[in-house]
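A.B. asks: My questions concern the predicted model and sequence given below.
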Amino acid sequence: MQQIDDLFELAKKSESLHPDLVPHVRKTGHFDMIHHPLLVTTFYVPQLNAMYNRQYEAKKQYVKRMHESGDWSAYVSMFEKLPERITVYRGEPDREQSRPFGRSWTLSRWHAAWFARRFASGEMAGIVWRGTIAKSKVIALLRGRGEWEIVVDRRHVRDVVARRPCEMPRSIGTYPLTKSTGTYHGRSHWWSVLENAETLCARVPDADREVCRAFALLHDGWRLNDDDDPSHGLRAANQIKALKTRLGLSPFQHRKLIEAVARHADGATSRDPTIGVCWDADRLDLPRVGIEPSPKYLSTDVARRSIWAI
Ligand SMILES: [Fe+2]
Ligand SMILES: [Fe+2]
């Protein structure tokens, strides 16, 4: 709420756009937008100059602090860990647009989904663009505010595809998915896990795709809060037991799903391809809470090779 209050306060302030940003205001279609290497906005409204200026100053300060301290270790070690070709995402409101524009992308699918729905109505509106880029072509990796922002020249982003989170299933079998309550464990996370699971299943032939899809959509569905809730896996598994005939799964698949959900938060790995894919799909979405996925906690070779490239 504090952030929303701050936003309203900033919107009331009348000020000129920061002189660094002025040359970067561009006309694109019906909207103007700011297209500065440190700040890219979906649209530009002069009444929000104070907000743009604060965002720009915060990013500039972050880069300055890194320069002054000379402590690039976090940046460099993170950058070194990236594979030669990385997957990048960009979230935009749902509107007619044939290709994504903008220099600011992210390594986190969940963050892209968050940006996609930021100015859109509906919990899962917007488009998430996914593409790949050679690490050598990345202009900057910015880790401020818990984000994984990647600044790129969009001409170097390849294999661009659009994904619409709103197309996520609303039910499994005859069981309708409930509205999610949390931010980090809610619908955007279910969607990210679902996308990860689909990609991993295509590369792990022995994994049961139907079970992995059900896991993605149900595993965090009975959380009590968005923070510490160590029993949420067991709680979800107990609920899923009662849904036996509604999920459209065979008894074997149903048992497998219950096993995967019950223990998904224990930090263990599994040799079972289906359970391994379920847990890996979940853990590859850890960047949403600022955590790098660790190969040590991934079950499948495919997932270990897919960190930052899924
Ligand atoms: Fe969980
Ligand atoms: Fe999860």
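C.D. replies: Received the coordinates, thanks. Ligands and ions are numbered 1, 2, ... in the order given.
A.B. asks: Assign a three-state SS to the residue positioned nearest the centre of the chain, would you?
C.D. replies: For the chain, the residue sitting closest to the mean C-alpha position, by CA atoms, centre = their mean, is Trp110 at 1.4 Å. Reducing the assignment at Trp110 to three states with DSSP: H, G, I helix; E, B strand; the rest coil gives helix.
A.B. asks: for the residue of the stretch 51-200 of the chain found nearest ligand 1, what are its contacts?
C.D. replies: Taking CB to the ion as the measure, the point where the stretch 51-200 of the chain comes nearest ligand 1 is His185, at 6.2 Å. C-beta: built from backbone N, CA, C; applies to glycine. Contact criterion CB atoms under 8 Å, 6 or more residues apart in numbering gives 220, 223, 226 as the residues in contact with His185.
A.B. asks: same thing but 10 Å
C.D. replies: Going by CB atoms under 10 Å, 6 or more residues apart in numbering, His185 touches 219-221, 223, 225-227, 229, 232, 282, 285, 288-289.
A.B. asks: near ligand 2, which residues of this protein show up?
C.D. replies: Along the chain, the residues adjacent to ligand 2 under the rule CB under 5 Å from the ion are 220, 282.
A.B. asks: can you give me the strands for the protein?
C.D. replies: 25-28, 31-36, 39-40, 85-92, 104-106, 127-134, 138-142, 149-152, 158-163, 171-172, 175-176 (DSSP state E).
A.B. asks: So in that sheet, which strands flank the last one, and in what orientation?
C.D. replies: The sheet places strand 175-176 alongside strand 171-172 (antiparallel), with pairing taken from DSSP bridges.
A.B. asks: So what touches the strand it pairs with?
C.D. replies: Residues outside strand 171-172 that contact it (CB under 10 Å, 6+ apart) are 177, 210, 213-214, 216-218, 240, 243, 246-249, 257.
A.B. asks: at 6 Å instead, please
C.D. replies: By CB atoms under 6 Å, 6 or more residues apart in numbering, the surrounding residues in contact with strand 171-172 are 214, 217, 247.
A.B. asks: ok, and the most crowded of those?
C.D. replies: Highest neighbour count within those: Ala214, with 29 neighbours (other CB atoms under 10 Å).
A.B. asks: residues contacting the nearest residue to Trp110 once chain neighbours are set aside?
C.D. replies: Nearest residue to Trp110, sequence neighbours excluded (CB to CB, 6 or more residues apart in numbering): Arg288, at 3.5 Å. Taking CB under 6 Å, 6+ apart, we find Arg288 in contact with 108, 110, 184.
A.B. asks: Distance to Arg158 and pLDDT for these - can I get that in TSV?
C.D. replies: Converted to TSV, the contacts of Arg288 look like this (distance: CB to CB, whole Å; pLDDT from 0 to 100):
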residue	distance to Arg158	pLDDT
Ser108	19	96
Trp110	22	94
Tyr184	30	92
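A.B. asks: Nearest to Ala134 among the residues you listed?
C.D. replies: The shortest distance between Ala134 and any of the contacts of Arg288, using CB to CB, involves Ser108 and amounts to 19.2 Å.
A.B. asks: just checking, the closest one touches Trp148?
C.D. replies: Yes - with contact taken as CB atoms under 6 Å, Ser108 and Trp148 are classed as touching, separated by 4.8 Å.
A.B. asks: Give the residues shared as contacts by the two.
C.D. replies: Pro287.
A.B. asks: between the two, who's got more neighbours?
C.D. replies: Set side by side, Ser108 and Trp148 show unequal neighbour counts under other CB under 10 Å, the larger going to Ser108 at 25 against 22.
A.B. asks: and the closest residue in space to Gly233 that isn't next to it in sequence, how many residues sit next to it?
C.D. replies: Closest residue to Gly233 in three dimensions, ignoring its sequence neighbours and counting by CB to CB, 6+ apart: Ala265, at 4.6 Å. Residues near Ala265, counting by other CB under 10 Å, number 19.
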